[in-house]
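Peer 1: Generate a structure from the sequence data that follows.
(chains A, B, C and D)
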Amino acid sequence: MKYDVLVIGGGIAGIEASLTLGDAGFEVLLVEKDPSIGGHMIQLSKVFPTTDCAGCITTPKMAAAASHPKVHLMTYSEVKEVQKTGKEFRVKVLKKPRYVEEDLCIGCGRCEEVCPVLVPREFDYGIVGRKAVYIPFEMAVPKKAVLDLEHCMMCGRCERACPKDAINFLQEPEEVEITVKAIIVATGYNLFPPEKKKEYSYTGNLTLIHTNLNPNIIHSMQMERLLAPSRPYHALLRPGDGKVPERVAWVLCTGSRDKSLGNPLCSRVCCMYSVKQALLYTSAIPFGEAAIYYMDIRAFGKGFEEFYTMVRDLGVYFIRGKVARIESRNGNPVVIVEDTETGEIREDEYDMVVLSIGLLSNPELSEILGIDTNSYGFYVPPEENANPVATKVDGIFVAGTATCPKDIPDTVAEAAAAAAQCIAYLKEVGT
Amino acid sequence: MAEEQAKKELTVKKLRDRGVKPREEVIEMAKEQRKIIKQISECLKAGPKTIPEIASEINMPVGIVAWYVLTMFKYGQVEPGEEIDGYYKYKLVAKGGGK
Amino acid sequence: MTYKILIFAAEMAYRALDQAGLLHVHYTPNTVIIRIPCASMLRPDLILHAFQSGFDAVFVASSGPDCPFLGEECVRKTAKRIEKAYELLDEHGIDKNRLLLTGVCSTCVEAIVGSLERLEETLSGE
Amino acid sequence: MKERTKIGVYVCHCGGNISDYVDVKKVVEAVKDLPNVAVARDFVFMCSEAGQNLIKEDIKNLGLDGVVVASCSPHLHEKTFRNAAKEAGLNPYLVEHVCIREHSSWVHSDNPEAATQKAIWIVKAAIAKVSLARDLESIRLDMKPEAIVMGGGIAGMRCAIDLGRAGITVHLIEMSPFLGGRAAQIGKMYPSGISGIELVKKLVEEVKSNPNIKIYTNAEIVSAEGALGEFKVKIKINPRYVKGNVSDDTISQCPVEVPDEFNYGLTKRKAIYKRDFTYPDTPVIDMNACTKCGKCNPDFNQKPKTVEVTGSIVILATGFKPYEPKEGEFGYKVYDNVITLPVFDRLISISNGKLEYNGKEIRDIAFIYCVGSRNEEHEYCSRYCCVATINAALQALEKFGDLRVYHVYRDIRTYGKYETYYEQAGRDGMLFFKYDPENPPVVERSGNKLIVKVKDLLTYGEEVEIPVDMVVLSVGMEPEMSDVFTMLRVPFSRDGFLQEVHPKLRPVETAIGGVLVAGTCQGPKDTVEATASASAAAAKADTYLVKGYTELEPFIAEINPEKCDGCSECVEECPAGAINIENGKAVLKEALCKGCGACGAVCPTEAINLRGYYYDQLRKSIEAAGGD
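Peer 2: Numbering: from 1, shown residues only, chains lettered A, B, ... in the order given. Below you'll find the model as predicted:
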């Protein structure tokens, strides 16, 4: 199969790049490793500084990508091999088995109802469970079930319940070979694993929280899910015991600007998303108290400082200091910190503490693609000032958080930039 | 139709016939899960309760109970009632009411 | 007593109303917004029609000199419409002060809020 | 005209953004039994695929002949819903998208009941409007592959290169005599380590060698007008007053010396001068300084040339200017050795061996941050200055060694991977002091030293006095104003920079169709971000120009010849000369119509309507909303 461009990664960057290329008339194949496109952005609640719901921006773009005549989607698929011969790239893509026939499944969810196994739900970072066969999330594109054989009891209930006979346990991985003229890498980021910061007492992992020593210490993506309009709970509750949290704190720079954890970089978005979460929290629970522990508030983008000032004026507390440890008292997290503006050692008890975790690189494909990464695993555009999306390989471009943590406006701009470079390149090599 | 029916029984069985078996841990885990959900449901039959109340009654860590109760909410098995001091009381959804 | 105000919002004024939303600014909710591209399209009888349809006041929020269709020309043309509308209101014994024209740029949130406040003052002062 | 009676009404929760304040169920209840309504529903996210499918299914299954969507601003998703309708086989202009988020739930969150009532009025007005809506067809507009880029800095050049390579003719217009803009004045740049001059050189080479790019320097904008597909920009190209090749030797003959603006007056240049790193190679004579001695063999008879260029798209890349501190602001212009960051940047670039200013060696430097940013005058953060300041300090240290450097800051915003520069500064022994904006630092003189007095928050408010030889003010960015903004009527944001339609959905488009923004004219950016946004603007332009056409909304005038009595009022009213009287009737030249509707307002017989805003539609809307 031949396309003009392969876009790797179906997050906001990949979607934006695909749509731009499609609009300009090029055939695009968008490959996503997860069962749905949407990336991290679709999991967010609302986005700074406009407080639009993330879904309002992402879902129409997801729908547009799915219905665009020039954009072709391949979800639950991974790029395994890339070979450049002449002006073409020969690419092997592995289509992982969903154990659900995509063209038959109507996304009705009956399989999920009858499945007897519960697994922490990835989309909600484990604050609730899903089944072993499941629809990834309400607004998934494509909205098709996927069966997690790893956690399956093989009882066959789903297969019997499916009205369309879409469940197929015999699916095998399928290798598809395609030829493209250019590639855009939009593989995004990985989250910092909060359990690595031992002092903060998060004992689970990114998608496992209920067995934590204290499930009221959560990470910021879990908070996004708690605040999101599509949240799994009926109200804003803390996961540890279902209480409406009356005092919530955010601990910035968890896993960022921290050499001892191997990540001295700043994650660029945590300040603003924490400020935003504090705003959303106080609007959801007007009598709630919100406090943010920070080193520097980095409100640098267009409209960010204004947003930060507004939230500050609304009465959210900002305490400057690097949190030393988090302990527990009667199920409540206790933040221990030196306030660096007063020198006072504080022990502040909260109903819930949110660890504002940072963004790490996702260099998974660097060897396959043959493009350089820096020592932190982010792709390095060799002439970043002149052309921030070009790589050392002619015809491969990179966009979004694959090169460095980035907020959504910057990511969207870069994705379009990669599309522009791609168009210029395609025009030069001839289409 | 008969063919479809035949196929319907087949794929999971066929896979088992090939010697692929579910993992022991998964079977154990599912058993444990069924037990907890049953305990929570039993406990709620007596009337609406908050998550800490359920936890102390069935003598389980409250964090784990919270996860199950809220997952049961997501699947329409329980629903929240009144809120007292920040805690909602949950009650079972009448059979057939949930999805 | 609450009064009902019709807002004819031209392109830039409509954006200013969006902006007011983004900033979560409060203004009187007894307002209905009708979107038009440019205020110069308003037939004066439409304004009279608003009063006859139950509105207590009409706020023509034009794009002023920022009008993407006419630029500064918009101010002059729209003023002519309002002049005509005043005559019509006079004929029908409607207080002219209940009709207000303001040029509103795309970020002129204060102009919107201020104009509505003025209209409310006029209405309650009667 | 026959009314539409099968209208579908869709009220969006916007995941709580609307439904937290507007009772969406009540809105649905209030309209579902209206005579023109076939179905009314609410949904959590109308704009999602599921929400769109809901509409599509209803169009197909219920045979809807009109659709009202009440959600966010139509500027965000009107197109989304029109496309959905189109895909389901309904004329897209039978969809009315009204706003109950920005215009109701968000502004009346203090009064949910009234917010709900207002939403009901708005929806009723929309239903009334759709009930009289006509089928309309979008207007196909062919696009010549030609673009105009205003500004020859790195953003303008990046954009021109990307478009030129894609086969598009580009008119690159630079106001000053040379390409390059402000980036060339920067020394070693983060993150790639090349100098500003190298960066500019590289881009200039690409611009020069691309046959599709036409470069105009020393060009003043005389006028700019038009619309998507047909912009016209008239420029006056001022003469350079030189002829043929001018050797460096000849230039050195010039007896006049004036402060060189490129180095902020730290060095001097002749009245005739050139810039080696950029385009064009031809020097220029600065007539404000020239004494007309004739030693450089000039040609004073050269006259300005007026040129008109056309383009389907205009891209504004007009850049920024550094904030100029007020006299007395942190000692600026009061004490000699208080300078701004851009000047300091030039100072380190041109100094060799040791760092000297005003003939005095500089050993101790204090940088004061957020000058002209994050205050009452400029609420915004200028984004680039933290990293740029630390980067400049690191360079100074590397080049001159043995400097003592003090940073007096509010928050160090070395975001992302730039954090490593901050870390390096700490390792190199630079000291940091944090000030409270309520209590800003004070600069005073004591002997031949400057004293920076700061109440340092890092030492719990201790009053610190730092004696230094030089104070550098980290000044923010302000937009560089251009007449072209008003000529094209591009709107500004509250911060004074140009406003994009939406930072995430349509980040490089302005409210004016076909006018795009690139680089710092839209907001503070560093060089990486500026070039990225320039490429993004090129991508947007590509979607029009590479494809070769676009579809425009059909909202232009429509004349009913049966009603027209040929009075010609409309002919005089039309600002575009789009109407003529032929055989006693008004006739519209559709291609010229701008869609303002002014003609309709003056027509004594109401023979003219604006498509999409027919007067009968507006009247019915007003009636519907005027009721309870």
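Peer 1: any idea how far the residue of the stretch 301-450 of chain D found nearest chain B is from chain C?
Peer 2: Closest contact between the stretch 301-450 of chain D and chain B, by Cβ to the nearest Cβ, is at D:Asp411 (34.5 Å). All C-beta atoms are positioned from the backbone trio N, CA, C, and that covers glycine. Remark: distance between D:Asp411 and chain C (Cβ to the nearest Cβ, to the nearest Å) = 24 Å.
Peer 1: if I pick that residue, what's in contact with it?
Peer 2: Neighbour list for D:Asp411: A:Asp296, A:Ile297, A:Arg298, D:Cys386, D:Lys434 [criterion: Cβ atoms under 8 Å, 6 or more residues apart in numbering or on different chains].
Peer 1: May I see those residues organised as CSV, with secondary structure, distance to D:Lys333 and pLDDT added?
Peer 2: Putting those into CSV (DSSP: H, G, I helix; E, B strand; the rest coil; distance: Cβ to Cβ, whole Å; pLDDT from 0 to 100) gives the following:
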residue, secondary structure, distance to D:Lys333, pLDDT
A:Asp296, coil, 30, 95
A:Ile297, coil, 31, 96
A:Arg298, coil, 31, 97
D:Cys386, helix, 24, 97
D:Lys434, strand, 26, 96
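Peer 1: Whichever residue of the stretch 251-400 of chain A sits closest to chain C: neighbouring residues, count only.
Peer 2: Residue nearest to chain C within the stretch 251-400 of chain A: A:Met310 (8.5 Å; Cβ to the nearest Cβ). A:Met310: 15 surrounding residues under other Cβ atoms under 10 Å in any protein chain shown.
Peer 1: tell me which element it is part of?
Peer 2: helix A:304-313 (DSSP states H and E).
Peer 1: May I see the buried residues of the next helix or strand after that helix?
Peer 2: Downstream of helix A:304-313, the first helix or strand assigned by DSSP H and E is strand A:317-320. Neighbour-count burial for strand A:317-320, counted by 16 or more other Cβ atoms under 10 Å in any protein chain shown, picks out A:Phe318, A:Ile319, A:Arg320.
Peer 1: what's the closest of the residues you listed to C:Ile82?
Peer 2: For the buried residues of strand A:317-320, the residue nearest C:Ile82 by Cβ to Cβ is A:Phe318; the value is 49.1 Å.
Peer 1: Excluding chain neighbours, what is closest to the closest one?
Peer 2: Nearest non-adjacent residue to A:Phe318, counting by Cβ to Cβ, 6 or more residues apart in numbering or on different chains: A:Ile292, 5.2 Å away.
Peer 1: Any idea which residue of the stretch 201-350 of chain A lies closest to chain B?
Peer 2: A:His210 (3.5 Å).
Peer 1: Please list all residues in contact with the residue of the stretch 251-400 of chain A closest to chain C.
Peer 2: For A:Met310, the contact set (Cβ under 8 Å, 6+ apart) comprises A:Leu279.
Peer 1: For the stretch 151-300 of chain A, which segments count as strands?
Peer 2: With DSSP state E, counting those that start in this stretch, the ranges of strands along the stretch 151-300 of chain A come out as A:174-180, A:182-185, A:190-191, A:217-219, A:247-254, A:289-294.
Peer 1: which stretch among the ones you listed comes nearest D:Asn91?
Peer 2: Of the strands of the stretch 151-300 of chain A, nearest to D:Asn91 by Cβ to Cβ is strand A:182-185, at 35.6 Å.
Peer 1: secondary structure element for the residue sitting nearest the centre point of chain B?
Peer 2: In chain B, the centroid-proximal residue (Cα atoms, centre = their mean) is B:Ile37; its distance is 4.6 Å. Per DSSP H and E: B:Ile37 is located in helix B:24-45.
Peer 1: about what we covered before: biggest separation within the contacts of D:Asp411, which pair?
Peer 2: A:Arg298 and D:Lys434 (14.1 Å).
Peer 1: what about the two, which has more around it?
Peer 2: A:Arg298 (28 against 21).
Peer 1: residue contacts, that one?
Peer 2: Counting by Cβ under 8 Å, 6+ apart, A:Arg298 touches A:Cys266, A:Arg268, A:Cys271, A:Met272, D:Asp411, D:Arg413, D:Tyr415.
Peer 1: Just give me the closest of these to A:Pro97.
Peer 2: The nearest one, if we look at the contacts of A:Arg298 relative to A:Pro97 and count by Cβ to Cβ, is A:Arg268, at 36.7 Å.
Peer 1: Could you verify my assumption that the closest one touches A:Ile408?
Peer 2: No: when contacts are counted by Cβ atoms under 8 Å, A:Arg268 is not listed as touching A:Ile408 (11.2 Å).
Peer 1: ok, then the element right after the longest helix that chain C contains?
Peer 2: Using DSSP state H, we find that the single longest helix of chain C is helix C:73-91. Counting by DSSP H and E, the next helix or strand C-terminal to helix C:73-91 is strand C:99-103.
Peer 1: packing partners for that following strand?
Peer 2: strand C:57-62, helix C:73-91, helix C:109-124 (3 or more Cβ pairs under 8 Å, 6 or more residues apart in numbering or on different chains; DSSP states H and E).
Peer 1: which of those is buried the deepest?
Peer 2: By mean neighbour count, with neighbours taken as mean count of other Cβ atoms under 10 Å in any protein chain shown, strand C:57-62 ranks first of these at a mean of 26.
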